[in-house]
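*Asks:* Build me a structure from this.
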Amino acid sequence: MSYFDAASGAPLHPVARQALLASLDEGWADPARLYREGRRARILLDAARETAAEAVRCRPDELVFTSSGTRAAHTAVAGALAGRHRIGRHLIVSAVEHSSVLHAADAHEAGGGSVTRVAVDRRGRVAPASYAAALRPGTALACLQSANHEVGTEQPVADVAAVCRESGVPLLVDAAQSLGWGPVEGDWSLLTASAHKWGGPAGVGLLAVRKGTRFAPQEPADERESGRAAGFENLPAIVAAAASLRAVRAEAAAEAARLRELTERIRARVPQLVPDVEVVGDPRRRLPGVVTFSCLYVDGETLLHELDREGFSVSSGSSCTSSTLTPSHVLKAMGVLSEGNVRVSLPMGTDAEDVERFLRVLPGAVAGVREKLGAPAPAATVRQDVLVVDALGKRCPIPVIELARVIGDVPVGGLVRVLSDDEAARLDIPAWCAMREQEYVGEEPADDGRAYLVRRVL
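*Replies:* As a prediction, this is how the structure comes out:
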């Protein structure tokens, strides 16, 4: 079995396992107590904090441990906004932030605050000028991830931090995906991360708040972790998280070069091996082990099951999953194809032969899914010079499959009007037009759902 979903959670690093087991014997007592067992636990906690702070490049007293990366993000957003409430209630986030940050933004907006969501280009990257344009006198906080969790695109954090600093606005950086590879550059003010992303145990998050940043914790007062993270510290997990962070950093340079070669191999060969594929994300400014692509005319959930049966664990931002019928917010913001989406995120130590085997298996898996889906005879009627395709009640990728099958039935310059009530069609039909060099005219209301107009060019 080949585990290719490190962006969701990396396998536990051997150093983390060793540190976890060792600290279970030494770190069970309350580190706030003055007796011998408490002092021993406090030594372990302080050492872990110093190790993590060195990796983050902040002072130990600026860093606290939380119960998760999500908790760190929620605490950071709420605390920073509350600390600067006299400045204003305006928050800036990118459109591709992790859901934990976007949910915190939604809660802020529901409470009467205002939010600007900065758009990204088709590579998933923001422009520093867009952040500059979003800043205003009432801006309390700006947020930007260091690298995207779905497509691997790295963001220009240092440039955005400089723009924010010039306006006196703190920048919160979600470094969950990148911290294991290296420190976040730039003059950021707050930073969050999650240990299970770099091979530490789940249930440990980091929150760094640099001195001079106004911050007002919003949880009930607690004497632990500078009042910023309530509850008894999970000391064995914290020690393991810090030890594994130091270990992966020592291996990062060599592993980054090796994994970049493997993901570049996937990026180059998948379009050669599988027809009708779009590789997404920035081709250069990206995380070493992440590569994402989308396949036309494929049900993403079915493809993941097929790959799982072949021994590969991958993930998807496709709209076709059992839990949601809407496209990934990241893929939607980028304006790229969402159907049949596959994210490959290689953990440290991935063997090159596993990648080669994946490339051998993938074409057959995609072809098998396409064959299973078939190409249902479209319910098409000609209305004057417009071919109408009724795809109401059909989920992706069926509306696109039916569009592809009938586009040749209209003359060059003719229109196809696709009726669909699937939210994914709003993203996937324009993406198909871009891939097939056809003209996407736009959408319009219909009696049921929406009508998407496509003009045949070729």
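
*Asks:* How much space separates the closest residue to residue 251 other than its chain neighbours from residue 253?
*Replies:* Excluding the flanking residues, the one nearest residue 251 by CB to CB, 6 or more residues apart in numbering is residue 348, at 6.4 Å. Backbone N, C-alpha and C define where each C-beta goes, glycine included. Between residue 348 and residue 253 the distance is 12 Å, computed by CB to CB, to the nearest Å.

*Asks:* Which one of these two is surrounded by more residues?
*Replies:* Taking other CB atoms under 10 Å, residue 348 and residue 253 do not tie; residue 348 has more neighbours (23 against 11).

*Asks:* The worst-scoring helix or strand of the chain on mean pLDDT: what's the following helix or strand?
*Replies:* Least confident helix or strand of the chain, by mean pLDDT, DSSP states H and E, is strand 380-383 with a mean of 50. Downstream of strand 380-383, the first helix or strand assigned by DSSP states H and E is strand 386-390.

*Asks:* Now do the contacts for residue 269.
*Replies:* The contact partners of residue 269, by CB atoms under 8 Å, 6 or more residues apart in numbering, come to residue 359.

*Asks:* Local confidence estimate at it?
*Replies:* At residue 269, the pLDDT value in this model is 94.

*Asks:* Buried residues, the helix or strand encompassing it. List them.
*Replies:* Per DSSP H and E: residue 269 is located in helix 235-273. Going by neighbour count (16 or more other CB atoms under 10 Å), the buried part of helix 235-273 is 235-245, 247-249, 252, 255-256, 258-260, 262-263, 265-267, 270.

*Asks:* how close does residue 74 sit to residue 253?
*Replies:* Distance from residue 74 to residue 253, by CB to CB: 33 Å.

*Asks:* Strands along the stretch 1-150 of the chain, start to end?
*Replies:* Taking DSSP state E, counting those that start in this stretch as the test, the strands found in the stretch 1-150 of the chain are 2-3, 63-66, 90-94, 114-118, 139-145.

*Asks:* ok, residue 289 touching residue 347?
*Replies:* Yes - Residue 289 is in contact with residue 347 according to CB atoms under 8 Å; the separation is 7.0 Å.

*Asks:* hey, what's in contact with both of the two?
*Replies:* residue 6.

*Asks:* Now do the contacts for residue 78.
*Replies:* Going by CB under 8 Å, 6+ apart, residue 78 touches 104, 108, 218.

*Asks:* Kindly recompute the last result at 6 Å.
*Replies:* residue 218 (CB atoms under 6 Å, 6 or more residues apart in numbering).

*Asks:* Next: the one 5 residues further on.
*Replies:* Applying CB under 6 Å, 6+ apart to residue 83 gives the contacts 214, 215, 216.

*Asks:* Quickly note the distance from it to residue 135.
*Replies:* Taking CB to CB, one finds residue 83 at 18 Å from residue 135.

*Asks:* now do residue 367
*Replies:* Per CB to CB, residue 367 is found 50 Å from residue 135.

*Asks:* So what's the residue count around residue 140?
*Replies:* If you count neighbours by other CB under 10 Å, residue 140 ends up with 24.

*Asks:* pretty sure residue 454 is in a helix, no?
*Replies:* No - assigned with DSSP: H, G, I helix; E, B strand; the rest coil, residue 454 falls outside any helix and is strand.

*Asks:* For it, which non-adjacent residue is closest in space?
*Replies:* Distance criterion CB to CB, 6+ apart; nearest residue to residue 454, sequence neighbours excluded, is residue 416 at 4.7 Å.

*Asks:* which residues touch the one you found?
*Replies:* 387, 407, 410, 454.

*Asks:* one more time with 7 Å
*Replies:* Residue 416 makes contacts with 387, 389, 403, 406, 407, 410, 454, as judged by CB atoms under 7 Å, 6 or more residues apart in numbering.

*Asks:* List the neighbouring strands of the helix or strand where it lies plus their orientation.
*Replies:* Per DSSP H and E, residue 416 falls inside strand 415-420. Using DSSP bridges, strand 415-420 pairs in its sheet with strand 386-390 (parallel), strand 450-455 (antiparallel).

*Asks:* in the helix or strand just after that strand, what counts as buried?
*Replies:* Toward the C-terminus, strand 415-420 is succeeded by helix 425-436 as the next helix or strand (DSSP H and E). Residues 425, 426, 427, 428, 429, 430, 431, 432, 433, 436 are the ones in helix 425-436 that count as buried (16+ other CB under 10 Å).

*Asks:* tell me what helix 425-436 is packed against?
*Replies:* helix 398-406, strand 439-445, strand 450-455 (3 or more CB pairs under 7 Å, 6 or more residues apart in numbering; DSSP states H and E).

*Asks:* Run the chain-centre distance for the second one.
*Replies:* Its chain's C-alpha centre and that of strand 439-445 lie 29 Å apart, by CA atoms, centre = their mean, to the nearest Å.

*Asks:* which non-adjacent residue is nearest residue 59?
*Replies:* Spatial nearest neighbour of residue 59, chain neighbours left out: residue 53 (6.2 Å); criterion: CB to CB, 6+ apart.

*Asks:* pLDDT score assigned to the one you found?
*Replies:* 98.

*Asks:* isn't it right up against residue 65?
*Replies:* No - the criterion here is CB atoms under 7 Å, and residue 53 misses it with residue 65 at 11.0 Å.

*Asks:* More neighbours: which of these two?
*Replies:* residue 65 (25 against 18).

*Asks:* residue contacts, the more buried one?
*Replies:* Residue 65 neighbours (CB under 7 Å, 6+ apart): 204, 206, 225, 229, 233, 238.

*Asks:* Closest one to residue 119 out of these, please.
*Replies:* Distance to residue 119, by CB to CB, is smallest for residue 206 among the contacts of residue 65, at 28.6 Å.

*Asks:* Break the chain down into its structural domains.
*Replies:* Following automatic domain parsing, one finds the domains of the chain at 8-248, 252-373, 380-455.

*Asks:* so which of those domains gets nearest residue 2?
*Replies:* Of all the domains of the chain, domain 252-373 sits nearest to residue 2, with 4.4 Å by CB to CB.

*Asks:* Now do that closest one: distance to the chain's middle.
*Replies:* 14 Å.

*Asks:* Likewise for stretch 424-444?
*Replies:* Here the centre of stretch 424-444 is set off from its chain's centre by 24 Å, with CA atoms, centre = their mean.

*Asks:* got the CA positions of that stretch in CSV?
*Replies:* Output of stretch 424-444 as CSV, limited to C-alpha atoms (Å, rounded to 0.1, in the frame of the first residue of the first chain):
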residue,chain,number,x,y,z
ALA,A,424,-20.2,22.1,-10.2
ALA,A,425,-21.3,22.8,-13.7
ARG,A,426,-20.7,26.5,-13.1
LEU,A,427,-17.0,25.7,-12.7
ASP,A,428,-16.6,22.7,-14.9
ILE,A,429,-18.3,23.8,-18.1
PRO,A,430,-16.1,27.0,-18.5
ALA,A,431,-13.1,24.9,-17.6
TRP,A,432,-14.0,22.4,-20.3
CYS,A,433,-14.4,25.2,-22.9
ALA,A,434,-10.9,26.5,-22.0
MET,A,435,-9.4,23.1,-22.4
ARG,A,436,-11.2,22.4,-25.7
GLU,A,437,-10.8,25.9,-27.1
GLN,A,438,-14.6,26.5,-27.4
GLU,A,439,-16.2,29.7,-26.4
TYR,A,440,-18.0,29.9,-23.1
VAL,A,441,-20.8,32.5,-23.6
GLY,A,442,-22.1,32.6,-20.1
GLU,A,443,-25.0,31.4,-17.9
GLU,A,444,-28.6,32.5,-17.5
